[in-house]
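S.K.: here is a sequence together with a model predicted from it:
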Amino acid sequence: MAAPPSFGDHGLPGVDAPALPRLPLIEIDRRIARFVWLERRRFEVLGGWTASVPELDVKAMVATQSHHHAWHASLWERHLPHRSGEVVSDGAGSFQDRLGAFVDAVRSTGDTLDRLVGAYRVLGAHAVGAYSRLLDGATAVPDAALARTCRLVLSDQLDDWRRGEMALQSLLGSGADVERAGARQARLEALLLDEGGFDGVGAAGRV
């Protein structure tokens, strides 16, 4: 009998990723500021969809998960301001301007299938990757509090991501649906990566 798939430190199947070098504090601060902003936007986007989603199970899911994102934003915010002692140059204005068009593209959609593609196959998947990279770049002792927050947020978001993907798959009723979902994912993912990705490191930061 074949051995079951291995799971790394983050609960994801596959081969364990190599350890990343420890991130400078100013880089951690930049990423956290970005996470706070994006999690607040995710709260607003999912909460704004609640009234107009016709599927009752999806309506309940996005309503619940919108509050998860608000809470996660508050957890990240506790690690600011700027433990590095420097001003976060990629803070407020700059990445808000760059990511605003991406968030608007996720928000302004027609039906539930399009919405779930943006929320889970793009934002959900990239958030899990970004938080995993941050956790891999934190050392056990100096960044213990940050690592605890990251593990908590990552655990919650893995569960939300799975639930969102299940809901999305329930809406794929034809090959045309699959093609449309794939095309929307590609458009949104390219737009997000053009703006640096979820954590601001862009494609160059992938391992």
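M.R.: That came through, no problem.
S.K.: going forward, measure contacts between C-alpha atoms and count neighbours the same way
M.R.: Fine.
S.K.: can you tell me the closest non-neighbouring residue to residue 62?
M.R.: Among residues not flanking residue 62 along the chain, residue 46 sits closest, at 5.5 Å (C-alpha to C-alpha, 6 or more residues apart in numbering).
S.K.: now do the same contact list for the one you found.
M.R.: 62, 63, 65, 66 (C-alpha atoms under 8 Å, 6 or more residues apart in numbering).
S.K.: secondary structure class for residue 197?
M.R.: coil (DSSP: H, G, I helix; E, B strand; the rest coil).
S.K.: quick one: it and residue 128 touch, right?
M.R.: No - between residue 197 and residue 128 there is no contact, the gap being 11.9 Å when judged by C-alpha atoms under 8 Å.
S.K.: on that earlier part again, got a PyMOL select line for the buried ones in the contacts of residue 46?
M.R.: Below is the selection syntax for PyMOL that covers the buried ones among these, with 16 or more other C-alpha atoms under 10 Å defining burial:
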select buried, resi 62+63+65+66
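S.K.: can you tell me the average pLDDT over the helix or strand where residue 180 lies?
M.R.: Element membership of residue 180 [criterion: DSSP states H and E] is helix 175-194. When pLDDT is averaged along helix 175-194, the result is 95.
S.K.: try stretch 46-55
M.R.: Regarding stretch 46-55, the rounded mean pLDDT is 94.
S.K.: so where is the chain shaky, pLDDT-wise?
M.R.: 1-21, 81-93, 139-142, 202-207 (pLDDT under 70).
S.K.: in it, which helix has the most residues?
M.R.: Criterion DSSP state H: the longest helix present in the chain is helix 144-170.
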